[in-house]
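J.: Compute the structure for the input listed below.
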Amino acid sequence: MDASPASPAGLPAALADLGRCLVMGVLNVTPDSFSDGGRFLAADAAIERGVALRAAGADLVDVGGESTRPGAHRTPVADELARVLPVVRALVSDGVLVSIDTMRAVVAQAAIEAGAVVVNDVSGGLADPAMLALMAGARVPYVVMHWRSPSAQMAALAEYDDVVRDVRVELGRRLAEAVSAGIEPGYVVLDPGLGFAKDGSHNWSLLAHLRELEALGRPLLVGASRKRFLGELLDAAGDPAGPDDRDPATAATSALAAAAGAWCVRVHEPAPSRDAVLVAAAWRAAGGASQ
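T.: So this is what the prediction gives:
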């Protein structure tokens, strides 16, 4: 079996034929991220972190100026733009391949104009009616995540008859809506949205059945990094592991996702996941995925 997962159209040539799952490094330019809130809010600190993520093995650096942690409220658009644009411009000028993590068309457009090569929209076009129209003409990969509501309300919506089937159906609807808006299917990447309106059992079911989501015919991005369900798994006597202690478990999920054929994993610490996806690529190349 070919070890190379499918790649979306519009991806820079340097990333299109690597023969393995890509690693996307998380760069939260926010004061309230669940993992690293505030550490990289200042532009200088964020730029330094973005360069370090690349050096540690990130193929893409995903710059976001609005927290989507559980319970988070929306960031004013002016604040989001002020946080991300200087960082995107500086990283692009340093040769870093940047994706923009945003639910807003105006932010996506400004970031693309500044050199971002991927748009990562956790709302899948639901938060901003202008997003799909923008992406129809953008000619860069567009990540459409499974999303049911803004973060402040999503916990109440974590109910499914069959989480794998329901997420597949709902992602299929978002894909169809994107295509109806004029986005060529080849540019779309799908993301099951681990942790977004999902509890731990939902997340594990989705990780275990990624191939059912691949049946939608689009590359998959998987973001399990440091999420609560990993902390719960590593619970020691009623004390769940903190975000910084979840990186080894994150790398394990990266190996699982890559072995299942995911196009990209999104992580806070790239180095362990870079090793993990290389192991998965070798395993797939040896026929592991067909056994």
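
J.: drop to CA atoms for contacts and neighbour counts, all remaining ones
T.: Fine.

J.: List the contacts of stretch 166-180.
T.: 124-125, 132, 144-146, 160, 185, 188, 190, 192, 212-213, 216 (C-alpha atoms under 8 Å, 6 or more residues apart in numbering).

J.: residue ranges with poor pLDDT in this protein?
T.: Residues of the chain meeting the criterion pLDDT under 70: 1-5, 32-38, 290-291.

J.: What's the separation between residue 140 and residue 265?
T.: According to C-alpha to C-alpha, to the nearest Å, residue 140 and residue 265 sit 18 Å apart.

J.: More neighbours: which of the two?
T.: residue 265 (29 against 22; other C-alpha atoms under 10 Å).

J.: doesn't the more buried one fall inside a helix?
T.: No - read with DSSP: H, G, I helix; E, B strand; the rest coil, residue 265 is strand and lies in no helix.

J.: Bridged to it, which residues?
T.: Taking DSSP bridges as the rule, residue 265 bridges to residue 23, residue 222.

J.: Mind giving me the ChimeraX select for the contacts of stretch 166-180, buried ones only?
T.: Those of the contacts of stretch 166-180 that count as buried under 16 or more other C-alpha atoms under 10 Å are selected in ChimeraX with:
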select :124,125,132,144,145,146,185,188,190,192,213
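
J.: And the helix or strand where residue 274 lies, what does it pack against?
T.: Counting by DSSP states H and E, the element that carries residue 274 is helix 270-285. Packed against helix 270-285 by the contact rule (3 or more C-alpha pairs under 8 Å, 6 or more residues apart in numbering; DSSP states H and E) you find strand 22-28, helix 247-259.

J.: Using a markdown table, please lay out the contacts of stretch 166-180 together with distance to residue 85 and secondary structure.
T.: Converted to a markdown table, the contacts of stretch 166-180 look like this (distance: C-alpha to C-alpha, whole Å; DSSP: H, G, I helix; E, B strand; the rest coil):
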| residue | distance to residue 85 | secondary structure |
| --- | --- | --- |
| 124 | 21 | coil |
| 125 | 21 | coil |
| 132 | 21 | helix |
| 144 | 22 | strand |
| 145 | 23 | strand |
| 146 | 26 | coil |
| 160 | 38 | coil |
| 185 | 28 | helix |
| 188 | 24 | strand |
| 190 | 25 | strand |
| 192 | 27 | coil |
| 212 | 37 | helix |
| 213 | 33 | helix |
| 216 | 33 | coil |
